[in-house]
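Undergrad: The following comprises the amino acid sequence and a computationally predicted model.
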Amino acid sequence: MRRLFPFLLVLVSSLMFWFTSCEEVTTQLDIDFGYEYFPQETGKFIIYEADSVIYDQSGNSTVIDTISFQVLERFMESFEDNSGQTVYRIERYERPTENDSWRPKDVWTSQINDLKAERVEENLRFIKLIFPAGPETDPWNGNVFLDETTVIPIAGESVVVFKNWLYEYVSKDEPYDINGMSFDSTLNVLQANEENLIELRYSQEIYAKGVGLIYKEMKILDTQCISLCEGQAWEQKAEKGFTFTMRVIEHNW
């Protein structure tokens with residue numbers, strides 16, 4: 001019996017260590033990755049109201065053109081790409097007001113690739129989210145597939161839209177109210193927030209759990225007016241570029 005006691009002691013200690021280790025592994029694997037902030041499902045749709053202000057320098061003055069419209073994004077069929085990843089096809093439509101008919105605009109795609117949520121918008125691929133999603137996650141280059149020096153024509157003017165973007169999470173699981181709708185849990189992504197004397201690059205997206213993107217804001221503005229415009233807001237001194245906001249008004253998620 002004396003010989004058996006040390007053996008039992010070792011066995012009990014080993015079992016305690018094994019169960020403790022299993023408990024630690026289970027705890028470590030119990031992570032909220034935030035995939036619900038980027039839902040994908042055939043037949044789902046979301047409608048936004050959008051406002052765009054375009055700045056165009058003409059001679060010694062700047063022409064400001066304001067446009068309001070609605071956008072419909074509908075998840076269509078899914079398919080596998082060359083790497084075996086599931087990709088969803090998104091058909092997009094636009095109309096001036098709710099009293100007008102929808103007109104086809106373009107087709108985008110959406111997918112979750114490993115720990116990245118990607119969208120191809122107007123043939124440009126963005127890494128919208130990375131997982132786990134939350135402020136504790138390091139910033140990332142969501143435009144890694146793009147050349148940040150690419151010039152994009154805006155109202156006939158050349159604008160380097162994606163210069164100095166760096167994505168980061170501002171908040172997670174926070175409530176947010178918009179257009180009479182309340183969302184219990186949202187994910188706030190700051191994509192760009194850089195400015196100097198002649199350039200402003202600001203972009204933000206907010207995602208709701210189980211719904212996806214519910215708010216988007218961009219300010220891409222350039223100016224050469226420095227000393228004479230000191231103290232002015234960007235919307236006053238901008239000579240080219242645009243501002244854009246998009247807010248959810250209806251969805252069937």
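TA: Noted; the coordinates are in hand. Residues are numbered from 1 along each chain as shown.
Undergrad: residues contacting Ile249?
TA: Applying CB atoms under 8 Å, 6 or more residues apart in numbering to Ile249 gives the contacts 47-49, 70, 179. Every C-beta, even on glycine, is put in place using the N, C-alpha and C of the backbone.
Undergrad: Packing partners of the host helix or strand of Gln57?
TA: Using DSSP states H and E, Gln57 sits in strand 45-58. Strand 45-58 sits against strand 61-80, strand 212-222, strand 240-251, with contacts defined as 3 or more CB pairs under 8 Å, 6 or more residues apart in numbering; DSSP states H and E.
Undergrad: Which two among the contacts of Ile249 are spaced furthest apart?
TA: Maximum pairwise distance in the contacts of Ile249, criterion CB to CB, is 12.0 Å, between Gln70 and Asn179.
Undergrad: which residues do the two both contact?
TA: Residues touching both Gln70 and Asn179 (CB under 8 Å, 6+ apart) are 49, 249.
Undergrad: Quickly list what His244 is bridged to.
TA: Actually, residue 244 is Phe rather than His. Taking DSSP bridges as the rule, Phe244 bridges to Ser52, Met218.
Undergrad: my guess is it meets Lys216, correct?
TA: Yes. Using CB atoms under 8 Å, Phe244 is in contact with Lys216, at 7.3 Å.
Undergrad: Name the residue in those two with the higher neighbour count.
TA: Using other CB atoms under 10 Å as the criterion, Phe244 and Lys216 rank with Lys216 on top: 19 against 16.
Undergrad: pLDDT score for the closest residue to the more buried one other than its chain neighbours?
TA: Distances taken as CB to CB, 6 or more residues apart in numbering place Met246 nearest to Lys216, at 4.3 Å, with adjacent residues excluded. Met246 is assigned 98 on the pLDDT scale.
Undergrad: Near Met246, how many other residues are there?
TA: Met246: 20 neighbours (other CB under 10 Å).
Undergrad: And Gln204, by the same measure?
TA: Neighbour count for Gln204, taken as other CB under 10 Å: 17.
Undergrad: Does anything pack onto the helix or strand hosting it? Which helices or strands?
TA: Following DSSP H and E, the helix or strand that holds Gln204 is strand 199-208. Counting contacts by 3+ CB pairs under 8 Å, 6+ apart, strand 199-208 is packed against strand 181-195, strand 212-222.
Undergrad: how about the helices and strands packed on strand 45-58, which one is nearest Ser158?
TA: In terms of CB to CB, the element of these nearest to Ser158 is strand 240-251, at 8.2 Å.
Undergrad: Counting neighbours, which bits of that closest one end up buried?
TA: Neighbour counts using 16 or more other CB atoms under 10 Å place 240-249, 251 of strand 240-251 among the buried residues.
Undergrad: any idea of the angle the strand holding Gln57 forms with strand 61-80?
TA: Per axes from the mean of the first three to the mean of the last three CA atoms, to 10 degrees, the angle that strand 45-58 makes with strand 61-80 is 150 degrees.
Undergrad: what distance separates strand 45-58 from the middle of the whole chain?
TA: Mean-position distance between strand 45-58 and its chain equals 17 Å (CA atoms, centre = their mean, to the nearest Å).
Undergrad: Let's test this: mean pLDDT of it, rounded?
TA: 95.
Undergrad: Residues contacting that strand, please?
TA: So strand 45-58 is contacted by 62-75, 154-157, 179, 211-213, 221, 235, 238-253 (CB under 8 Å, 6+ apart).
Undergrad: Likewise for stretch 181-193?
TA: Outside stretch 181-193, the residues that touch it by CB under 8 Å, 6+ apart are 34, 37, 128-129, 133-134, 142, 162, 164-177, 201-209, 211, 214, 248.
Undergrad: From these, keep the buried residues only.
TA: 34, 37, 128-129, 133-134, 142, 162, 165, 167-169, 172, 176, 201-209, 211, 214, 248.
Undergrad: roughly how far is stretch 235-252 from the heart of the chain?
TA: On CA atoms, centre = their mean, the centre of stretch 235-252 falls 15 Å from that of its chain.
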